[in-house]
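# Here is the input, now give the coordinates:
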Amino acid sequence: ARAGSDGPTIAVLCEYDALPGIGHGCGHNIIATAGLGAGLAAAALADEVGGRVVVLGTPAEEGGGGKIFMGEAGAFDGVDAALMVHPADQDLLAMNVIAIATWEVEYYGEAAHAAAFPHVGRNALDAAVLGYNAVAALRQHIRPNERVHGVFSKAGDKPNIVPDHTVAEWYVRSGTIFSLQALKERVLACLQAGADAAGCRMEWRATCPEYSDLRTNPAMADLYLANSERVGRTPVRRPENGVVGSTDMGNVSYLVPSIHPMIQVAPPGVAIHTKDFAGWAKAAEGDRAVLDGAKAMAMTVADLWLRPDVLDAARRAFAEDDAIRAAAGTGS
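Reported below is the predicted structural model:
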């Protein structure tokens, strides 16, 4: 949805996908409704003050990379800035978002009777386990802001059959999209070593486009902070507990000046992606977050329209960000 015709174009992003078996344990119901509220409020002012607001529904954040495909399709062409809010257990000005690659890794061996003819088999489960253990050993040598985690989604059928096919799902995370590339090579070497040791063949594929780290725009963040305080909230600038996670909003932040603040809906310590958090997201605290988030974002949109100096500062910060320049191929 769009409103206004002239002036800077600001995009408000609305995620809405839920989690299987949990529901809105990531609070995307709040993201969508707060974004819609902000868009409606800003739309009422757009023609009067000279600006354009675009409200974008952004599907498949939970593992589908919806914003990445939208960016490739031109959804952010002509957009001067983008913002959204995300529910959490505290008010934060910026998420500590890191880059992520997601893979499906398959091992192929040779089936055999595990008692009568084990010597003719090639155990694909051994390959997966050896690869998993190699990654576990690697963890002591990776950076503090890097994470590697995996699960087996197929591990064999019966104990008396040497497994000839196993499947694992792996997430590889690193502080930036650039450092992620080096970590990927190390993890793949570990997984391939499992295949080599067990005499099996490994194949892998990306299950989703890679999510970039989030480049929070400082000028926009300062605006949102002031407006959040006007509605009675006091976001802290960075989380105390380090890494929060990954999101395809990171990819948007490499395209246009962006912010992705967190808004509290649950008591401190209540983790996202849980049924407990889903309960808070549909309670009165969630309703308050919708209203507060909508107001703070709408005021931020209006400020970007009415204060050319701040929008210029946001553009300068974006243009001078070394990581963004490197991704665009314009770095020194």
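
# from here on, contacts and neighbour counts on C-alpha atoms
Will do.

# Low-confidence ranges, the stretch 201-332 of the chain, go.
For the stretch 201-332 of the chain, applying pLDDT under 70 flags the ranges 239-243, 330-332.

# What ranges does the stretch 151-300 of the chain have for its helices?
With DSSP state H, counting those that start in this stretch as the criterion, the stretch 151-300 of the chain has helices at 177-198, 218-230, 249-253, 275-281, 284-306.

# Can I get the ones you listed in JSON lines including distance to Tyr171 and mean neighbour count?
Formatted as JSON lines, the helices of the stretch 151-300 of the chain follow (distance: least, Cα to Cα, whole Å; neighbours: other Cα atoms under 10 Å):
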{"stretch": "helix 177-198", "distance to Tyr171": "10", "mean neighbour count": "18"}
{"stretch": "helix 218-230", "distance to Tyr171": "29", "mean neighbour count": "20"}
{"stretch": "helix 249-253", "distance to Tyr171": "16", "mean neighbour count": "25"}
{"stretch": "helix 275-281", "distance to Tyr171": "22", "mean neighbour count": "22"}
{"stretch": "helix 284-306", "distance to Tyr171": "30", "mean neighbour count": "23"}
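
# Of all those helices, which one comes closest to Val54?
Evaluated over the helices of the stretch 151-300 of the chain, closeness to Val54 peaks at helix 284-306, with 10.6 Å, by Cα to Cα.

# Packing partners of that closest one?
Using 3 or more Cα pairs under 8 Å, 6 or more residues apart in numbering; DSSP states H and E, the elements in contact with helix 284-306 are helix 28-49, helix 218-230, strand 262-264, helix 308-320.

# Could you check the angle that helix makes with helix 308-320?
100 degrees (axes from the mean of the first three to the mean of the last three Cα atoms, to 10 degrees).

# picking that back up, can I get the helices of the stretch 151-300 of the chain in a markdown table with distance to Gly51?
Shown next, in a markdown table, are the helices of the stretch 151-300 of the chain (distance: least, Cα to Cα, whole Å):
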| stretch | distance to Gly51 |
| --- | --- |
| helix 177-198 | 33 |
| helix 218-230 | 16 |
| helix 249-253 | 21 |
| helix 275-281 | 32 |
| helix 284-306 | 6 |
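
# Spatially nearest residue to the spatially most central residue of the chain (excluding sequence neighbours)?
Among the residues of the chain, Thr247 comes closest to the average C-alpha position under Cα atoms, centre = their mean, at 0.8 Å. Nearest residue to Thr247, sequence neighbours excluded (Cα to Cα, 6 or more residues apart in numbering): Tyr211, at 6.1 Å.

# And the helices of the stretch 151-300 of the chain: which comes nearest Val236?
Closest approach to Val236 among the helices of the stretch 151-300 of the chain (Cα to Cα): helix 218-230, 8.8 Å.

# Let me know the angle separating the closest one from helix 284-306.
Per the same axes, to 10 degrees, the angle that helix 218-230 makes with helix 284-306 is 130 degrees.

# sec struct for the residue in the chain sticking out farthest from the centre, please.
The outermost residue of the chain, judged against the average C-alpha position, is Ala116 (49.0 Å), by Cα atoms, centre = their mean. Following DSSP: H, G, I helix; E, B strand; the rest coil, Ala116 is assigned to coil.

# residue ranges of the helices in the stretch 1-150 of the chain, please?
With helices called from DSSP H, counting those that start in this stretch, the stretch 1-150 of the chain shows them at 28-49, 66-72, 124-138.
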